[in-house]
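[1] The following comprises the amino acid sequence and a computationally predicted model.
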2 protein chains.
Amino acid sequence: MELLTKKFQVRSAINSLSNNKSIGFVPTMGSFHEGHVSLIRKAAEECDVVVVSVFVNPTQFGIGEDLAKYPRNIDRDSCLAEEEGVDIFFAPSEEEMYPKGRQETWVRLGEIEEKLCGAFRPGHFRGVATVVAKLTNIVRPNKLYLGEKDFQQLRVVQRMVEDLDMGAEVIGCPTLREPDGLAMSSRNAYMSPEERAAAKVIYEALMEAKKVAQTGTHSADRVKQALVEKLVSEPLCRLQFVSVCDSESLEELTRLGGSVLIAIGAYFGTTRMVDSIVLSFS
Amino acid sequence: MELLTKKFQVRSAINSLSNNKSIGFVPTMGSFHEGHVSLIRKAAEECDVVVVSVFVNPTQFGIGEDLAKYPRNIDRDSCLAEEEGVDIFFAPSEEEMYPKGRQETWVRLGEIEEKLCGAFRPGHFRGVATVVAKLTNIVRPNKLYLGEKDFQQLRVVQRMVEDLDMGAEVIGCPTLREPDGLAMSSRNAYMSPEERAAAKVIYEALMEAKKVAQTGTHSADRVKQALVEKLVSEPLCRLQFVSVCDSESLEELTRLGGSVLIAIGAYFGTTRMVDSIVLSFS
């Protein structure tokens, strides 16, 4: 495995390694859990060359968000990547990614940026789209792997890659979960034991919503009601939003139909959690 | 020469032709004049493979602008490209470039978009940046050639390519001029003989401004005054803006210093003309 910190090294390593081989890219913020490993394995299954980046991107964190305390475990991450047979491990500094200290050019996506989490994290998806564009332009993958857990992020990147003709296929991979259903996330470690125990209510709420949705009702409101009822039953859960929306456009639905995203954003203490499931209706 | 109309054809032609060869790209709106030919020749001198695109990009034209009447001469353009030894000539349809009929993702550049022409053409540079990003992602050139005539466009593309790590070098090529000094432009053909004769005042004004700037004055206002005096002396010239600004940031200057752009935007009849020169001061 090549452990690289400079953009030019990645470009030249890609050139020398790739020669008509397919390149799979897993962009991450590091602090790997099994979810990351599953993305890397999927890339290794499907591509000749696997590139993983680890970069805690400051431009996607808002003021007052957790940039400073976001977990960093670069040595452990590189060991895990090595074990998984990653070919190129790219861990740039902030200065390498933003040499001018500020970004003047941004990739913007319109309405899809402002929905769900975007309504509560102004500038977040602009930061995500822009850094993924930068990394993708450096790595030039054939396939790009992202988790479905951050579903809006997945859609933003898919739309960007398509709209800007970036020439990669964006592949969403299933959310991995703890035994009690909590979605794996680097941020889970922020929670106290009590908050962590309470957080299982998110998955329970999603399962309740699924049950209601599969009764044959067409009412998105009934599904939302089931979500909210379950979530407010947990005193440690501070609900931010629930959404029942089209899984492509992220437009809120009144009537269930097609591919439907059911999503939750909620705080446990100061830790913000997001989770979602997708259901298909004929 | 391969004459291609589909994105996937360009990607696969690039892959099969390039194999570690350097790729030079000249994105154009067609209707070639000697200025375009000079870009193609420069690309051919410096690169192994030359790609030229012709696409009259609707998203960079405002309401009431000249999209419908913009000159199209694709057969003549492809003949000229063939004569110049171009390897790949890419002439996509609007539907090929914008299959959804609208663009949801945009590349935005902040302040530099709003200056000079940007102040009078809202959305223009957003359209330019986005289509050049799309074309560059398809062609993946090592070097990208643009004329200095549309100087703000050159700076917008240079900054985008740098900020988004697009991995190309953007090369500005000198403006070619008619015998009376008028900058070559596909839009020159719009003018009546009287307007065309009057339009030489633009270059005369730039030369006047250069003379004043080289007297040793440090006053940007004195240079602007010289520009305006000359331009208003021509009754057929309807002045839109003059600018004396830093040639990198496009920030207006009060004191001449460093690399200075002197730029003019003016109408002759309904035809909008832009021109500029760059002067260096120690």
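    Great, that's in hand.
[2] which residue of chain A sits farthest from its center?
    A:G216 (30.7 Å; CA atoms, centre = their mean).
[3] That one belongs to a helix, doesn't it?
    No. Using DSSP: H, G, I helix; E, B strand; the rest coil, the secondary structure at A:G216 is coil, not a helix.
[4] Near chain B, which residues of the stretch 151-282 of chain A? Just list them.
    A:R159, A:M160, A:D163, A:L164, A:D165, A:M166, A:G167 (CB under 8 Å from any CB of the partner chain). In this view, the C-beta of every residue, glycine as well, is placed from N, C-alpha and C.
[5] any idea how far A:N137 is from the fifth one?
    Spatial separation of A:D165 from A:N137 under the definition CB to CB, to the nearest Å is 12 Å.
[6] what do the two both touch?
    B:N137 (CB atoms under 8 Å, 6 or more residues apart in numbering or on different chains).
[7] Which pair in the residues of the stretch 151-282 of chain A next to chain B has the greatest spatial separation?
    For these, the maximum inter-member distance is 14.6 Å, found between A:R159 and A:G167 (CB to CB).
[8] More neighbours: which of those two?
    Set side by side, A:R159 and A:G167 show more neighbours around A:R159, with 21 against 16, by other CB atoms under 10 Å in any protein chain shown.
[9] which SS state does A:P122 fall under?
    coil.
[10] could you say what helices and strands the helix or strand bottoming out on mean pLDDT in chain A packs with?
    Least confident helix or strand of chain A, by mean pLDDT, DSSP states H and E, is helix A:7-18 with a mean of 90. Contacts defined by 3 or more CB pairs under 8 Å, 6 or more residues apart in numbering or on different chains; DSSP states H and E place helix A:7-18 against strand A:2-4, strand A:49-54, strand A:88-90, helix A:124-139.
[11] ranking the ones you listed by burial, who's on top?
    Comparing the helices and strands packed on helix A:7-18 by mean neighbour count (mean count of other CB atoms under 10 Å in any protein chain shown), strand A:49-54 comes out on top with a mean of 26.
[12] Report the distance from that one to the chain centre.
    Strand A:49-54 sits 16 Å away from the centroid of its parent chain (CA atoms, centre = their mean, to the nearest Å).
[13] residues in contact with the nearest residue to A:G127 once chain neighbours are set aside?
    Using CB to CB, 6 or more residues apart in numbering or on different chains and skipping the chain neighbours, the partner closest in space to A:G127 is A:Q60 (3.2 Å). Counting by CB under 8 Å, 6+ apart, A:Q60 touches A:G123, A:H124, A:F125, A:G127, A:V128, A:V131.
[14] Also A:E95?
    A:G101.
[15] same deal with A:S259?
    Per CB under 8 Å, 6+ apart, neighbours of A:S259: A:D246, A:S247, A:E248, A:V278, A:L279, A:S280, A:F281.
[16] so which of these would you say is closest to chain B?
    Set against chain B, the nearest of the contacts of A:S259 by CB to the nearest CB is A:E248 (11.6 Å).
[17] Return the distance of the closest one relative to A:K149.
    18 Å.
[18] the strands in chain A, which residues?
    A:2-4, A:23-28, A:49-54, A:88-90, A:106-108, A:143-147, A:169-173, A:237-246, A:258-268, A:271-281 (DSSP state E).
[19] Mind putting these into CSV with mean pLDDT and distance to B:L239?
    Below are the strands of chain A laid out as CSV (pLDDT from 0 to 100; distance: least, CB to CB, whole Å):
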stretch, mean pLDDT, distance to B:L239
strand A:2-4, 93, 53
strand A:23-28, 98, 49
strand A:49-54, 97, 50
strand A:88-90, 97, 51
strand A:106-108, 98, 33
strand A:143-147, 98, 49
strand A:169-173, 98, 48
strand A:237-246, 98, 50
strand A:258-268, 98, 53
strand A:271-281, 97, 54
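[20] returning to that earlier point: any chance of the helices and strands packed on helix A:7-18 in a markdown table with distance to B:S12 as columns?
    Shown next, in a markdown table, are the helices and strands packed on helix A:7-18 (distance: least, CB to CB, whole Å):
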| stretch | distance to B:S12 |
| --- | --- |
| strand A:2-4 | 28 |
| strand A:49-54 | 19 |
| strand A:88-90 | 24 |
| helix A:124-139 | 19 |
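[21] Quick check: mean pLDDT of stretch A:226-235?
    Averaging pLDDT along stretch A:226-235 yields 98.
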